[in-house]
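S.K.: Quick one, what's the 3D model for this:
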Amino acid sequence: MPELTVALNEFLIDRAPRSAFHTLWQDIEFLDTDRNGVVVVDANALRLRATYYLLPAADVLVSYYDDRSAALAKMQIRRFKIANGSLQSL
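M.R.: Below is the predicted model:
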């Protein structure tokens, strides 16, 4: 249902003054509701690093339990870091 995920993306970054997310959209660095995945967060006193492993929606019903390399080949990986009050895409 790609039209649903497009609508959800638009809702979450709606810049209209009456939108519930109006004051939050500028803080959204990454949004991808067309994929499923996990995020691994690594934090210490100096920085926080988040790595997103995203699998295309068409592949969520495929079992990759015994074939890790096939799963990793299909995944999109996005990395972000927060340090010194600044967010960076890595």
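
S.K.: For the closest residue to I82 other than its chain neighbours, give me its contacts.
M.R.: Closest residue in space to I82, ignoring its immediate chain neighbours: L48 at 4.6 Å, by C-beta to C-beta, 6 or more residues apart in numbering. Using the backbone N, CA and C atoms, a C-beta is placed for each residue, glycine as well. Residues near L48 by C-beta atoms under 8 Å, 6 or more residues apart in numbering: 41-42, 81-83.

S.K.: could the residues you listed be laid out in JSON lines, adding pLDDT and neighbour count?
M.R.: Listed next are the contacts of L48 as JSON lines, based on pLDDT from 0 to 100; neighbours: other C-beta atoms under 10 Å:
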{"residue": "V41", "pLDDT": "91", "neighbour count": "9"}
{"residue": "D42", "pLDDT": "94", "neighbour count": "10"}
{"residue": "K81", "pLDDT": "91", "neighbour count": "15"}
{"residue": "I82", "pLDDT": "87", "neighbour count": "14"}
{"residue": "A83", "pLDDT": "89", "neighbour count": "12"}
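
S.K.: Adding distance to L55 and secondary structure, write these out as TSV.
M.R.: TSV is the format used below for the contacts of L48 (distance: C-beta to C-beta, whole Å; DSSP: H, G, I helix; E, B strand; the rest coil):
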residue	distance to L55	secondary structure
V41	18	strand
D42	21	strand
K81	23	strand
I82	25	strand
A83	28	strand
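
S.K.: Throw the residues you listed into JSON lines and include distance to A70, thanks.
M.R.: Below are the contacts of L48 laid out as JSON lines (distance: C-beta to C-beta, whole Å):
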{"residue": "V41", "distance to A70": "25"}
{"residue": "D42", "distance to A70": "25"}
{"residue": "K81", "distance to A70": "28"}
{"residue": "I82", "distance to A70": "32"}
{"residue": "A83", "distance to A70": "34"}
